[in-house]
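S.K.: what follows is a predicted structure for the sequence shown.
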Amino acid sequence: MSDRYRCADCNLEFVPKYVGNGPRCPSCTRTEAMEPADGSALQSDIWRQWLLVFALLFIAGVAYLVFG
Ligand SMILES: [Zn+2]
């Protein structure tokens, strides 16, 4: 889960054998372009979209109560 990384250089997802000074890409052996690949960024995007939908529904409900 949290021990997966993605290399921003060659876009390879991998689980590092050991994390010494940081995960190392097995393909291009870079260490400076690693980012966690646990999908947390995608999840927060989905949550933000749902939050927007609920906010719009809430505003519509308030507008209905006030003007309806
Ligand atoms: Zn790489």
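M.R.: Cool, got the structure.
S.K.: for the rest of this, base every contact and every neighbour count on C-alpha atoms.
M.R.: Fine.
S.K.: my reading is that residue 46 lies in a helix. Confirm?
M.R.: Yes - assignment of residue 46 by DSSP: H, G, I helix; E, B strand; the rest coil places it within a helix.
S.K.: list the buried residues in stretch 53-66.
M.R.: Within stretch 53-66, no residue is scored as buried using 16 or more other Cα atoms under 10 Å.
S.K.: ok, residues contacting stretch 28-43?
M.R.: For stretch 28-43, contacts defined as Cα atoms under 8 Å, 6 or more residues apart in numbering pick out 1-10, 13, 22-25.
S.K.: so does the lowest-mean-pLDDT helix or strand in the chain get close to the ion?
M.R.: Here the helix or strand of the chain ranked lowest by mean pLDDT, DSSP states H and E is strand 34-36, holding a mean of 87. No - figure legend: strand 34-36 not in contact with the ion (Cα under 5 Å from the ion); closest approach 8.1 Å.
S.K.: partners of that strand in the sheet?
M.R.: strand 5-7 (antiparallel) (DSSP bridges).
S.K.: direction included, what does the following helix or strand past the partner strand pair against?
M.R.: Per DSSP states H and E, the first helix or strand lying C-terminal to strand 5-7 is strand 13-14. Using DSSP bridges, strand 13-14 pairs in its sheet with strand 5-7 (antiparallel).
S.K.: now the partner strand, how far from the chain's geometric center?
M.R.: 12 Å (Cα atoms, centre = their mean, to the nearest Å).
S.K.: hmm, back to that, least confident pick among the contacts of stretch 28-43?
M.R.: Among the contacts of stretch 28-43, residue 1 has the lowest pLDDT, at 49.
S.K.: the contacts of stretch 28-43 also near the ion: which ones?
M.R.: 7, 10, 25.
S.K.: which among the residues you listed count as buried?
M.R.: Buried among the ones next to the ion among the contacts of stretch 28-43 (16+ other Cα under 10 Å): 7, 25.
S.K.: pull out the buried residues from the least confident helix or strand of the chain.
M.R.: Here strand 34-36 shows 34, 36 as buried, counting by 16+ other Cα under 10 Å.
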